[in-house]
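> structure for this input, please:
(2 chains)
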Amino acid sequence: MPGRELKPGRSAVARRQAWEGRIFALPFILGFLAFWLYPMSYSVYLVFQDWDLLSPPSFVGLDNIVELFRDESIGISLGNTSYYTFIGVPLQLVLALALALLLNVKVRGLAIYRTLFYLPAMTPIVASAIVWLQILHPEFGILNSFLRNFGIEPVNWLFDPRAAKPAFILMTLWGVGPQMVIFLAGLQGVPQSLYEAAEIDGASRSQRFLFITIPMISSITFFNLVVGVIASFQVFTTAFIMTRGGPQNATLFLVLYLYRNGFQYFKMGYASAIAWMLFVIIVAFTVIQFRLASRWVYEEGAPA
Amino acid sequence: MTAPDTSTAKQPESQPPRRAISRLGEGFSVRSLIHVCLLALGFVFSIPLLWVITTSFKGQGGIFTYPIEWIPDPIVWSNYPRLLNVLTFSGWPGIVFFFRNTFFISILATVGTLVSSILVAYSFARLQWPERNFLFSLSLATMMLPSVVILIPTFLLFRDLKWLNTFMPMIVPFWFAVQGFYIFLLRQFFLGLPAELEEAARIDGANSLRILWGIVVPLSRPAIVTVSIFSFLQHYNEFLSPLLYLNAVEKFPMALGMRMFQGTYTNDWPLMMAATSTFILPTICLFLMAQRHFIQGIQLTGLAGR
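You can find the predicted model right below:
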């Protein structure tokens, strides 16, 4: 719209600026066409094809989509991914918020603690996968030797179908640094006057937390939740390196199964169908979260 | 949950003196409790990385001692030099190849991201043109789209372009501002700059490129540093693209090369941990050097580190 509100005398300047604007944006225009729009449309086409890269693609109608509902592994990987997301993300948020609250009391050495909590997130995923592989080692891993101090029997972490997903979630908890920093920013943005007013009214510490802090940072919580769910649904690298989907498919996550279909079984059509299913699920959850947001997310200036 | 608390609040008579006293005591004990919590949690969070470092200075036998030896005895230095002798290609240590490839890809992709995103973000922020808002909302839409959706067709595209087993898939797209996130971040920053200087230069007849390069870029150093760091780390960490596109081991970046070490030397933990700490070290140095920018960038935009 602003482009149309031009003063008559400046039209030559405006026209020049319009062209400069388009030329500057050219990388994005070309990049969007080549690396977003084209692959997206190609992917839609692939969903209806059977193609192993060797023989030419053949049209199979809705077969790939029907197969999604028949394939046992889809149910398993969907279940695994949901477990990992819906148990993992809330725990991540609780830990991140707890750390942020501790750091928000203006303790001495804040920068050091913040660095300690943030460093794990700086570790390349491949490196942390390899490190955790050793930490979770049933015989020699430090987690089991630590638990032994409390008389807890050694757990077979990555070799036990019941313990593998909790082990993965534990690993994600180690990387909550970025979420913590976002929460900390939110906490620092809560006006001090609110706390002072509540204190004068005799609100206890826990009341101030429940009725001031939690509502005031709800938009930050919402952000961390949405971003966390989207990222969690796409878990791949750790499972690929640490367990390859095992034990007994306990860590077969959706993207890992997609990878297998595309690049090990060379089912390009079916892999694309899985990708679109994942996309639909992610969009659905994001939309649901936005819908529910109006019930619990407080926004400045919005009618209460 | 809140019921017990409300009862304590309704005691107006005894309140003023009690609160003053309890706040003194409370302030002291809560503060020290927080310190204890922070120390304990800080230690727990550091254990994995501390353990990587100590293990990398141990001999093969030293890793299985219980309780854990935090300071290795004796300190074994040879694991690091040993990294150079394992996995060699045509007489050169594999790890040298891996690091060279990682830095090559990360630097070129980061430069591309910077150049293209700055141009596009400036156009979206300051230049007036009819289709601008539509295209800006498209770039926002790409932020929401999980890249997994286009994994297969993108692979096929690069295959048709004969880019398999080259660095092109990891570099070229980033010269085309494919990450809406960086456009968004830079645009936000540009919008916050005072427009007067630019307008004055424009009246003097400067074109947009000169204004961008001469005025806007020098004023935007914090945002540009933030984008550079995030982009560099993203490419340094990238695992899936090299896994899909590269098959010659001497072309592997470190993220993929680590798996070669892991596959070949699974039981040689000290060697693995020496490789791991060498891989992690640059990211930690980068973080410590640019911590301020990191925290700012995250708070500005809410980008998660990975």
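
> can you dump the C-alpha coordinates of stretch A:174-181 into CSV?
In CSV, the C-alpha atoms belonging to stretch A:174-181 read as follows (Å, rounded to 0.1, in the frame of the first residue of the first chain):
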residue,chain,number,x,y,z
TRP,A,174,20.4,-30.7,28.9
GLY,A,175,19.9,-28.3,26.0
VAL,A,176,17.2,-26.0,27.4
GLY,A,177,19.6,-23.0,27.5
PRO,A,178,18.0,-21.0,24.7
GLN,A,179,14.5,-21.4,26.2
MET,A,180,15.9,-20.4,29.5
VAL,A,181,17.4,-17.2,28.1
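
> average pLDDT across that stretch?
The average pLDDT for stretch A:174-181 rounds to 90.

> tell me which residues of it are tucked away?
For stretch A:174-181, burial by neighbour count (16 or more other C-beta atoms under 10 Å in any protein chain shown) applies to A:174, A:175, A:176, A:177, A:178, A:179, A:180, A:181. All C-beta atoms are positioned from the backbone trio N, CA, C, and that covers glycine.

> now, which of those lie close to chain B?
A:174, A:175, A:177, A:178, A:179, A:181 (C-beta under 8 Å from any C-beta of the partner chain).

> gap between the second one and residue A:88?
Noted for residue A:175: a distance of 11 Å to residue A:88, by C-beta to C-beta, to the nearest Å.

> out of the buried residues of stretch A:174-181, who's nearest residue B:124?
Comparing the buried residues of stretch A:174-181 against residue B:124 with C-beta to C-beta places residue A:178 closest, at 25.8 Å.

> isn't there a helix covering the closest one?
Yes. Under DSSP: H, G, I helix; E, B strand; the rest coil, residue A:178 sits within a helix.

> is it true that it touches residue A:121?
Yes. With contacts counted by C-beta atoms under 8 Å, residue A:178 reaches residue A:121, the gap being 5.4 Å.

> low-confidence ranges in chain A?
Along chain A, the parts satisfying pLDDT under 70 run over A:1-10, A:300-304.

> which non-adjacent residue is nearest the residue of it found nearest chain B?
Residue nearest to chain B within chain A (C-beta to the nearest C-beta): residue A:31, separated by 2.7 Å. Among residues not flanking residue A:31 along the chain, residue B:176 sits closest, at 2.7 Å (C-beta to C-beta, 6 or more residues apart in numbering or on different chains).

> does the one you found touch residue A:28 like I think?
Yes. Here residue B:176 reaches residue A:28: they are 7.0 Å apart, a contact under C-beta under 8 Å.

> which residues do these two both contact?
Common neighbours of residue B:176 and residue A:28, counting by C-beta atoms under 8 Å, 6 or more residues apart in numbering or on different chains, are residue B:116.

> higher neighbour count, the two?
residue A:28 (28 against 23; other C-beta atoms under 10 Å in any protein chain shown).

> please save the CA atoms from the helix or strand that one falls within in CSV.
Secondary structure assigned from DSSP states H and E places residue A:28 in helix A:26-32. Below are the C-alpha coordinates for helix A:26-32, written out as CSV (Å, rounded to 0.1, in the frame of the first residue of the first chain):
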residue,chain,number,x,y,z
LEU,A,26,15.7,-10.5,-6.3
PRO,A,27,17.7,-13.0,-4.3
PHE,A,28,14.7,-13.8,-2.2
ILE,A,29,12.3,-13.9,-5.2
LEU,A,30,14.6,-16.3,-7.1
GLY,A,31,15.4,-18.3,-3.9
PHE,A,32,11.7,-18.6,-3.0
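
> which SSE is immediately downstream of it?
Using DSSP H and E, the helix or strand that follows helix A:26-32 in sequence is helix A:38-47.

> could you list the buried residues of that next one?
A:39, A:40, A:42, A:43, A:46, A:47.

> in CSV, list those along with distance to residue A:108.
Shown next, in CSV, are those (distance: C-beta to C-beta, whole Å):
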residue, distance to residue A:108
A:39, 51
A:40, 52
A:42, 57
A:43, 53
A:46, 58
A:47, 58
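
> and these near chain B, which?
Among the buried residues of helix A:38-47, chain B is touched by A:39, A:40, A:42, A:43, A:46 when using C-beta under 8 Å from any C-beta.

> ok, which pair from these is furthest apart?
Largest pairwise distance in these, by C-beta to C-beta, is 10.7 Å, between A:40 and A:46.

> what's the overlap in contacts for those two?
Joint contacts of residue A:40 and residue A:46 (C-beta under 8 Å, 6+ apart) are residue B:153.

> tell me the buried residues in the helix holding residue A:28?
A:26, A:27, A:28, A:29, A:31, A:32.

> do the same with stretch A:232-242
Of the residues in stretch A:232-242, those buried (16+ other C-beta under 10 Å) are A:232, A:233, A:234, A:235, A:236, A:237, A:238, A:239, A:240, A:241, A:242.

> repeat that for stretch B:204-218.
In terms of neighbour count (16+ other C-beta under 10 Å), stretch B:204-218 has its buried residues at B:206, B:208, B:211, B:212, B:215, B:216, B:217.

> next, see if it gets close to chain A.
Yes. Contact of stretch B:204-218 with chain A (C-beta under 8 Å from any C-beta) involves B:207, B:208, B:209.

> was I right about the first one contacting residue A:19?
No. Using C-beta under 8 Å, residue B:207 is not in contact with residue A:19; the gap is 10.7 Å.

> show me the domain layout of the chain.
Just so you know, I chose chain A. A:2-47, A:66-296 (automatic domain parsing).

> try chain B instead
B:16-77, B:88-301.

> looking at those domains, which has the lowest confidence?
domain B:16-77 (a mean of 77).

> strands of the chain, residue ranges please.
You didn't pick a chain, so chain A it is. For chain A, the strands defined by DSSP state E occupy A:49-50, A:58-59.

> my bad, chain B
B:88-89, B:92-93.

> got the contact list for the last one?
I take that to be strand B:92-93. Strand B:92-93 is contacted by residues B:83, B:84, B:85, B:86, B:87 when judged by C-beta under 8 Å, 6+ apart.

> run the chain-centre distance for it.
Chain-centre distance of strand B:92-93: 28 Å, with C-alpha atoms, centre = their mean, to the nearest Å.

> any idea how far residue A:190 is from the closest residue to chain A within chain B?
Residue nearest to chain A within chain B: residue B:176 (2.7 Å; C-beta to the nearest C-beta). The gap separating residue B:176 from residue A:190 is 41 Å, by C-beta to C-beta.

> next: residue A:198.
In terms of C-beta to C-beta, residue A:198 sits 11 Å off from residue A:190.

> shared neighbours of those two, which are they?
Shared contacts of residue A:198 and residue A:190, counting by C-beta under 8 Å, 6+ apart, come down to residue A:212.

> residue A:24 contacts residue B:116, correct?
No. Between residue A:24 and residue B:116 there is no contact under C-beta under 8 Å: 9.7 Å.

> tabulate the domains of chain B (JSON lines), appending distance to residue A:115.
Below are those laid out as JSON lines (distance: least, C-beta to C-beta, whole Å):
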{"stretch": "domain B:16-77", "distance to residue A:115": "9"}
{"stretch": "domain B:88-301", "distance to residue A:115": "7"}
